[in-house]
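Colleague: No sequence on hand, only this structure:
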């Protein structure tokens, strides 16, 4: 079905001589709203001023009739006071809501909303960025409801899990004492915790360039007198000796871990006793487990 434009805009389009511009309105998750336009002067409507000549440009709009995710790309420079490298590195633009408007710049009341979506992957260069703008169809790809699986599908410490991660047994504070690459470092303050106790957990930076950011812990190893923490990914800013952090225990989502480490088997959110894939491909044979009894 063809899109219906407001009568004022349709009349303008039918006139044969148009004064049209593209406007993009972006709303970040922190509530900040920004407007950009490819016109050469500011445009204002719905309480938003759309900044001209911002270095923010977009590719062509692609639409399909199926349920695949339509996408376009927006490119901008990092010299604008509105779009800064720090905000991009901190993830402030991740999953920001995007509205794409076609506007008569001579009369902004004549306009039409052509697309809604969200910011997806952001690629950064030295002086510019390229942001993927996904259509609302990307929401259809998200898993809703529970998955029938052997491992737990709750996040450690959430309401469904019930474990108190602020308990002394599961939380500690540490300080970086030496570095090993861009995501590994030796620490102090974690003595008394067994090997890999904090593996698959989270680390919250309290000081340094990464203050306030959260990182996933890949491993927690006791190597002689050293305690080595390795992050899953290198932080966006470098780690330095003396930086402090809080670290929280991790969980591999297995029933045995839930029972032994956290004494929380009653809240385990998986199905540990379901038959595995090997059961599906079994065939009848004398003397094997396919006797018809309970597996």
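Modeller: Structure received. Quick caveat: nothing in here was measured; it's all calculated off a predicted structure. Residues are numbered from 1 along each chain as shown.
Colleague: So which elements touch the lengthiest helix in the chain?
Modeller: Ordering each helix of the chain by length in residues (DSSP state H) puts helix 7-14 first. Contacts defined by 3 or more Cβ pairs under 8 Å, 6 or more residues apart in numbering; DSSP states H and E place helix 7-14 against strand 97-104. Yep, even glycine has a C-beta here, placed from its N, CA and C like the rest.
Colleague: just checking, what packs against the strand it packs on?
Modeller: Counting by 3+ Cβ pairs under 8 Å, 6+ apart, strand 97-104 packs on helix 7-14, strand 20-27, strand 111-124.
Colleague: What ranges in the stretch 51-200 of the chain fall below the confidence cut-off?
Modeller: Across the stretch 51-200 of the chain, residues meeting the criterion (pLDDT under 70) sit at 53-82, 123-129, 135-142.
Colleague: Spell out the residue ranges of the strands in it.
Modeller: With DSSP state E, counting those that start in this stretch, the ranges of strands along the stretch 51-200 of the chain come out as 57-58, 71-77, 97-104, 111-124, 128-135, 171-180, 184-188.
Colleague: per the record, what domains does the chain have?
Modeller: Per automatic domain parsing, the structural domains of the chain span 7-141, 171-248.
Colleague: Please produce a markdown table containing those, extended by mean neighbour count and distance to residue 158.
Modeller: Below are these laid out as a markdown table (neighbours: other Cβ atoms under 10 Å; distance: least, Cβ to Cβ, whole Å):
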| stretch | mean neighbour count | distance to residue 158 |
| --- | --- | --- |
| domain 7-141 | 15 | 19 |
| domain 171-248 | 16 | 12 |
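Colleague: wait, which of these is closest to residue 261?
Modeller: Among the domains of the chain, domain 171-248 comes nearest to residue 261, with 8.2 Å by Cβ to Cβ.
Colleague: In space, what's closest to residue 37 - neighbours in sequence excluded?
Modeller: Of all residues not flanking residue 37 in the chain, residue 50 sits nearest, at 4.0 Å (Cβ to Cβ, 6 or more residues apart in numbering).
Colleague: what do you get for residue 255?
Modeller: Spatial nearest neighbour of residue 255, chain neighbours left out: residue 272 (3.8 Å); criterion: Cβ to Cβ, 6+ apart.
Colleague: helix/strand/coil for the one you found?
Modeller: Secondary structure assignment for residue 272 (DSSP: H, G, I helix; E, B strand; the rest coil): coil.
Colleague: in terms of contact, does it touch residue 150 like I think?
Modeller: Yes - contact criterion Cβ atoms under 8 Å: residue 272 and residue 150 qualify, at 5.3 Å.
Colleague: Next, show the common contact partners of the two.
Modeller: residue 255 (Cβ atoms under 8 Å, 6 or more residues apart in numbering).
Colleague: picking that back up, want to try TSV for the strands of the stretch 51-200 of the chain, with distance to residue 38 as columns?
Modeller: Shown next, in TSV, are those (distance: least, Cβ to Cβ, whole Å):
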stretch	distance to residue 38
strand 57-58	7
strand 71-77	11
strand 97-104	10
strand 111-124	14
strand 128-135	15
strand 171-180	45
strand 184-188	45
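Colleague: Kindly state the pLDDT recorded for residue 13?
Modeller: Note on residue 13: pLDDT of 88.
Colleague: before we move on, what about the one 10 residues further on?
Modeller: Looking at residue 23, its pLDDT stands at 89.
Colleague: cool, the one 5 residues further on as well?
Modeller: What the model reports as pLDDT for residue 28 is 89.
Colleague: and it, how far is that from residue 222?
Modeller: 42 Å (Cβ to Cβ, to the nearest Å).
Colleague: same thing with residue 273?
Modeller: For residue 273, the distance to residue 222 - Cβ to Cβ - is 34 Å.
Colleague: likewise residue 167?
Modeller: For residue 167, the distance to residue 222 - Cβ to Cβ - is 22 Å.
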